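**Student:** A structural model of the following input is requested.
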Amino acid sequence: MWFWITSGGLALVVSGVLATAILRARGNAGPAAAFDLDVYRDQLAEIDRDAARGVIGDGEAQRLRNEVKRRILEADRALRSGAPDATGAAPRATTSRTGRLAVAAGLGGVLVAGAAALYLQIGAPGYPDLPLAVRIAAAEDARAARPTQPEAEAEAAPLLAPAAEAAAAAADPGFVTLIDELRGALQSRPDDLEGFTLLARNEARLGNLAAARAAQERVIALKGAAATADDHGLLADLAVRAAGGIVTETADAAIAAALAADPANGPARFYAGLGEAQVGRYDRAFAIWRDLLEQSTPDAPWLPTIRAGIGDLAALAGVRYTPPAAGAAPLRGPDAAALAAAGDMTPAQRVEMIRGMVGSLSERLATDGGSPDEWAQLIRSLGVIGEVPRAAAVWNEAQTVFADNPGAMDTVRRAAQDAGVAQ
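**Tutor:** Residues are numbered from 1 along each chain as shown. Predicted coordinates:
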């Protein structure tokens, strides 16, 4: 209610300002010739001032005076006769106060009605204001309210059962028998790492995702500290699929473990973004998926899903984004080994590492050119290491390179904004 009261009040104020301007206008501005006479008299005075200052010579001043006086005579003749003036303009019509009042009222009505119609089209009537702190708190509440892994699996089981039944029916009967025997054997061999590894893989093949998730948890428990990022990434994948697509706390733990072992792990990054989107942290989800999209090889299995949703996700995050073309080469950045090594570096050493990468990228763009994403990567990196003047110079050059490509310009502009060299 307060929104409508405030908006209506603002619309009426603006309408009142416009109406006042219309009503204060002269109802009868007089003939055009009378207006022309005032202009010509001002021109004569200006000529005299210019001549006195020495801007124009006496001869030129006299010639201009004669021309203006000629026009004054024509305007005076038109004014006396009521005929069109020297320019062909007819005497101006008068406007009554009633007519001006009608125009003002109509303009105010159009303004108020148009504003209301526009809000009903693109706004959210009835919704309260949602400050950032409230939205973040709501997202954390949604995170805490997620179902547990067993609860999500129980709810998803009826939906996943047909696919599991179809997979079992299509499998070789001998294979199904072997897997059943493996299940029985592992009940008496709980420390058989190879057996549980085979079971996790083949339960997933048969569509028994909850069983596959449980087997993979046992694999990780048996490996302990030797469990790899791929082991944890597989567990995250199985947990989400078994839960019907929900990223539960169990999946979160697997994602965190995978990223701790390898920050570039693709499945973990994909599900990390999905989890943030599910609880309403679209800003985090977009940042994760954008980087994964731009850094993945064209055959990455998560690309179709990201491409299908990145546009809506960007809109929800309040970001304008043009994804790279399908099949584009991924950005070249630090590999997993470099990222792991960076964890043991001092801050100064990390900066030097980034400087080396920046120098390599800068040289390549200067000699071979590059994609908008690579230009954006260079500008962001320069901003990170504090070389703002160089970032500004690269941004200025990019504006010339991509002047005819609005989508590319948007990509580079966002990086320049991140680096603080563009508005």
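**Student:** Ala102: what's it in contact with?
**Tutor:** Listed by C-beta atoms under 8 Å, 6 or more residues apart in numbering, the contact set of Ala102 is empty. C-beta: built from backbone N, CA, C; applies to glycine.
**Student:** Which element, helix or strand, includes it?
**Tutor:** helix 97-122 (DSSP states H and E).
**Student:** helix or strand right after that helix?
**Tutor:** Taking DSSP H and E, what comes next after helix 97-122 is helix 132-144.
**Student:** Quick one: residues in contact with whichever helix or strand comes after that next one.
**Tutor:** Using DSSP H and E, the helix or strand that follows helix 132-144 in sequence is helix 149-170. Applying C-beta under 8 Å, 6+ apart, the contact partners of helix 149-170 are 146-147, 176, 205-210, 213, 239, 242-246, 248-251.
**Student:** follow-up on the earlier one: give the rounded mean pLDDT of the helix holding Ala102.
**Tutor:** Averaging pLDDT along helix 97-122 yields 70.
**Student:** now do stretch 294-307
**Tutor:** In the prediction, stretch 294-307 has an average pLDDT of 86.
**Student:** Derive a PyMOL selection command for the buried subset of the contacts of helix 149-170.
**Tutor:** Selection of buried members from those for PyMOL, criterion 16 or more other C-beta atoms under 10 Å:
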select buried, resi 146+147+206+207+208+209+210+213+239+242+243+244+246+248+249+250+251
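**Student:** and the helix or strand containing Ile306, which residues are buried?
**Tutor:** Taking DSSP H and E as the criterion, Ile306 maps to helix 303-317. Neighbour-count burial for helix 303-317, counted by 16+ other C-beta under 10 Å, picks out 303, 306, 309-310, 313-314, 317.
**Student:** With just CA atoms, put stretch 220-235 into PDB.
**Tutor:** Taking C-alpha atoms only, stretch 220-235 is exported to PDB below (Å, rounded to 0.1, in the frame of the first residue of the first chain):
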ATOM      1  CA  ILE A 220      36.000 -42.600   0.300                       C
ATOM      2  CA  ALA A 221      36.000 -43.900   3.900                       C
ATOM      3  CA  LEU A 222      38.300 -46.700   3.000                       C
ATOM      4  CA  LYS A 223      40.700 -44.400   1.100                       C
ATOM      5  CA  GLY A 224      40.800 -41.800   3.900                       C
ATOM      6  CA  ALA A 225      43.200 -39.100   3.200                       C
ATOM      7  CA  ALA A 226      44.200 -40.700  -0.100                       C
ATOM      8  CA  ALA A 227      40.700 -40.000  -1.600                       C
ATOM      9  CA  THR A 228      41.000 -37.800  -4.700                       C
ATOM     10  CA  ALA A 229      39.100 -34.900  -5.900                       C
ATOM     11  CA  ASP A 230      37.500 -37.200  -8.500                       C
ATOM     12  CA  ASP A 231      36.400 -39.500  -5.700                       C
ATOM     13  CA  HIS A 232      34.600 -36.700  -3.900                       C
ATOM     14  CA  GLY A 233      33.300 -35.200  -7.200                       C
ATOM     15  CA  LEU A 234      31.700 -38.600  -8.000                       C
ATOM     16  CA  LEU A 235      30.100 -38.800  -4.600                       C
END
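**Student:** Now intersect the contacts of helix 149-170 with the helices, please.
**Tutor:** 176, 205, 209-210, 213, 239, 242, 249-251 (DSSP state H).
**Student:** can you redo those as JSON lines with distance to Arg65?
**Tutor:** JSON lines is the format used below for those (distance: C-beta to C-beta, whole Å):
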{"residue": "Val176", "distance to Arg65": "110"}
{"residue": "Arg205", "distance to Arg65": "100"}
{"residue": "Leu209", "distance to Arg65": "96"}
{"residue": "Ala210", "distance to Arg65": "100"}
{"residue": "Arg213", "distance to Arg65": "97"}
{"residue": "Ala239", "distance to Arg65": "93"}
{"residue": "Ala242", "distance to Arg65": "95"}
{"residue": "Glu249", "distance to Arg65": "91"}
{"residue": "Thr250", "distance to Arg65": "94"}
{"residue": "Ala251", "distance to Arg65": "89"}
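**Student:** I'd like those residues as a markdown table, with pLDDT appended.
**Tutor:** Putting those into a markdown table (pLDDT from 0 to 100) gives the following:
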| residue | pLDDT |
| --- | --- |
| Val176 | 90 |
| Arg205 | 89 |
| Leu209 | 94 |
| Ala210 | 95 |
| Arg213 | 96 |
| Ala239 | 95 |
| Ala242 | 93 |
| Glu249 | 95 |
| Thr250 | 95 |
| Ala251 | 95 |
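**Student:** Identify the farthest-apart pair in these.
**Tutor:** Largest separation among those by C-beta to C-beta: Val176 and Glu249, giving 32.7 Å.
**Student:** isn't Gly311 right up against Arg320?
**Tutor:** No - look at Gly311 against Arg320 with C-beta atoms under 8 Å: they stay out of range, at 10.4 Å.
**Student:** Would you report the backbone torsion angles of the residue at minimal distance from the centre of the chain?
**Tutor:** In the chain, the centroid-proximal residue (C-alpha atoms, centre = their mean) is Val319; its distance is 1.5 Å. Val319 has phi and psi values of phi -120, psi 140 when expressed as degrees, to the nearest 10.
**Student:** dump the residue contacts of it.
**Tutor:** Here Val319 is in contact with 286, 414 (criterion: C-beta under 8 Å, 6+ apart).
**Student:** Including distance to Arg218, could the buried residues of helix 303-317 go into TSV?
**Tutor:** Listed next are those as TSV, based on distance: C-beta to C-beta, whole Å:
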residue	distance to Arg218
Leu303	31
Ile306	31
Gly309	33
Ile310	36
Leu313	35
Ala314	40
Ala317	38
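**Student:** of those residues, closest to Ala256?
**Tutor:** Ile306 (20.5 Å).
**Student:** My read is that the closest one contacts Leu293, right?
**Tutor:** Yes - checked against C-beta under 8 Å, the pair Ile306 and Leu293 is within contact range at 5.0 Å.
**Student:** Sketch out the low-pLDDT regions of the stretch 51-200 of the chain for me.
**Tutor:** Scanning the stretch 51-200 of the chain for pLDDT under 70 picks out 82-101, 103-104, 108, 120-131.
**Student:** cutoff 90 now
**Tutor:** Filtered on pLDDT under 90, the stretch 51-200 of the chain yields the residue ranges 51-143, 145, 159-160, 162-164, 166-172.
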